[in-house]
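1. give me the fold of what follows.
(chains A and B)
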There are 2 protein chains.
Amino acid sequence: MGVNLRIAVVAPSCPLSREAADRLADIVAARADCEVRVHPQCFLSEGHFAGSDAERLAALREVMGDPAVDAIWFARGGYGSNRIAEAALADLPSTAHDKLYMGYSDAGFLHGGLSRAGLQAVWGPMPQDLIREGGEAAVKRALDWLVRRDPAALEPGLDGPAMAFNLTVLSSLLGTPLEPDLAGVDLLLEDVGEHHYRLDRTMFQLTSSANVRSVRRLRLGRVSDIPANHPEFGAEDEDIVRDWCERSGIPFGGRADIGHDSDNKVVPFRFGTD
Amino acid sequence: MGVNLRIAVVAPSCPLSREAADRLADIVAARADCEVRVHPQCFLSEGHFAGSDAERLAALREVMGDPAVDAIWFARGGYGSNRIAEAALADLPSTAHDKLYMGYSDAGFLHGGLSRAGLQAVWGPMPQDLIREGGEAAVKRALDWLVRRDPAALEPGLDGPAMAFNLTVLSSLLGTPLEPDLAGVDLLLEDVGEHHYRLDRTMFQLTSSANVRSVRRLRLGRVSDIPANHPEFGAEDEDIVRDWCERSGIPFGGRADIGHDSDNKVVPFRFGTD
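-> A predicted model of the protein is given here:
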């Protein structure tokens, strides 16, 4: 019997639901090609967060330092990983370097800092996706990639180094110690729950950045649950993104198969060259 | 009879309501110490905006270049001045330099660029405030300062160079050509309509900035219309701002008398030394 991939689940942002954790256990038991340990910190609750900053940080540092962990899987997005990311990445133990770090949405704050520190961030579905319609397929896709690098799990347009971020998260980490080096990558962006005027404002800030302007091209994932505005903004999400790409000289590379949904695909950061 | 202050109203963001314009005309007629011309561009409408980018830019450039205008008063906030600010500030005519530029909220994109270019930005009430409860007092306060520098109109804590911004607007212009030089100023911030988690995220980004860290101190205006969150965030607006000030070593200077309301006071940028 070979050694299964050992995955640790921690929640640097908001708590994991018990329901999602139970479904995850069933999926993992059925496939028998990996071990998944859900850290008890995932179920802590303090206001908005899965425990205090200190508790979330301690759990993350614990699994980063554990040589028996091959991959760290962020349980869920929401908000809050930015509050602990800088401390999580300080004085990194050598054991932190040979792991994968998978998640999306708010996990982008960590992904930014991780990629800057030379660690392997991976955009992909998370355990909490199991409460979505069709979420089981998303989580199986994530596991298929983690366990056996299943090419069917990958975003289909990847043909060189790439990174994927939530649009609002990426703009919120510009100028911070978590800002990744975007030079030469395909930058895949998606968003959820933001008004058109907010998307426009975010694209203004993003495309003003010399770092963002250094990407190979920008591709747009799904932009979902856009709240209604009165009057209507007057442009759709892709129009907005194309407009700011044109203004700033960033090549627009079309759509990307990522988003806050069960079809969300896997994007290993810098896949293709590194 | 002396020469009255000549004020031009333009709308770089969203349209001015006819109702507010009518009330403004009545107020100006009654006081007879200023002339206010509401540019017809204020009533244009294109989607979210008071006319197209080209129309809003043309109106703003027209009044900036008009030697018969002493003060430019932004009609209203909303969203959109960032789309034209850089072009508005390119190749400035000399006539643009001896004017005042008053507004708040979205006008902060212009104020950032104006102050960077050495022009006199002023945080203060706007004509559209006349549709607020108590808005007449706000607009009279703005006019009292523009016309005769009434000290009663000023934010009462000013005791040195200061700037005032909407928190979200300031974070959105970091790293852009509109970012003002904040060194040594009292930075007064307020916000409206943002969830606690958004305020926290914005403070994270702001207080990561070396420019923001160079302020003399940060003072917090009113933070209004915060949408409910489930679960509750776990900290109030002032807690959030104090926390990030502490983390980043920025002195917190207490509260400020500014906000999206009729009590909003006037803050002439860099008042006190320049």
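2. distance of A:D98 relative to A:A75?
-> As for A:D98, its distance to A:A75 is 21 Å (criterion: CB to CB, to the nearest Å). Placement of C-beta: from N, CA and C, glycine included.
3. how about A:I250?
-> From A:I250 over to A:A75 the distance is 33 Å, taken as CB to CB.
4. looking at these two, which one has more neighbours?
-> Neighbours around A:I250 and A:A75, counted as other CB atoms under 10 Å in any protein chain shown, are more numerous at A:A75. The numbers are 28 against 22.
5. excluding chain neighbours, give the residue nearest to the residue nearest the centre of chain A in space.
-> Centroid check for chain A by CA atoms, centre = their mean gives A:Y104 as the closest residue, at 1.9 Å. Sequence neighbours aside, A:W123 is the residue nearest to A:Y104 in space, at 5.1 Å (criterion: CB to CB, 6 or more residues apart in numbering or on different chains).
6. I'd say the one you found and A:N166 touch.
-> No: counting by CB atoms under 8 Å, A:W123 sits too far from A:N166 to count as a contact (9.5 Å).
7. joint contacts of these two?
-> Common neighbours of A:W123 and A:N166, counting by CB atoms under 8 Å, 6 or more residues apart in numbering or on different chains, are A:Y104.
8. all helices for the stretch 51-200 of chain A, in order.
-> A:53-64, A:82-88, A:108-116, A:135-148, A:167-173, A:196-208 (DSSP state H, counting those that start in this stretch).
9. pretty sure A:Q41 sits in a helix.
-> Yes: looking at A:Q41 with DSSP: H, G, I helix; E, B strand; the rest coil, it is inside a helix.
10. next one: phi and psi at the closest residue to chain B within the stretch 151-274 of chain A?
-> At 2.0 Å from chain B, A:G234 is the closest residue in the stretch 151-274 of chain A, using CB to the nearest CB. Reported as degrees, to the nearest 10, the phi and psi values for A:G234 are phi 110, psi 0.
11. excluding its backbone neighbours, what's nearest the closest residue to chain B within the stretch 1-150 of chain A?
-> With CB to the nearest CB, the shortest gap between the stretch 1-150 of chain A and chain B falls at A:G47, namely 1.9 Å. Spatial nearest neighbour of A:G47, chain neighbours left out: B:G234 (1.9 Å); criterion: CB to CB, 6+ apart.
12. now A:L24
-> A:P127 (4.9 Å).
13. do the same with A:A107
-> A:F74 (4.4 Å).
14. thinking the one you found is in contact with A:C14, fair?
-> No: A:F74 lies out of contact with A:C14 (CB under 8 Å); the separation is 10.4 Å.
15. the more surrounded of those two?
-> More crowded of A:F74 and A:C14, by other CB under 10 Å: A:F74, with 27 against 23.
16. quick one: pLDDT of that one?
-> In the prediction, the pLDDT value recorded for A:F74 is 98.
17. with A:N229 instead?
-> For A:N229, the pLDDT comes out at 86.
18. settle this for me: it is touching A:H196, isn't it.
-> Yes: with contacts counted by CB under 8 Å, A:N229 reaches A:H196, the gap being 5.9 Å.
19. which neighbours do these two have in common?
-> Residues touching both A:N229 and A:H196 (CB under 8 Å, 6+ apart) are B:H48.
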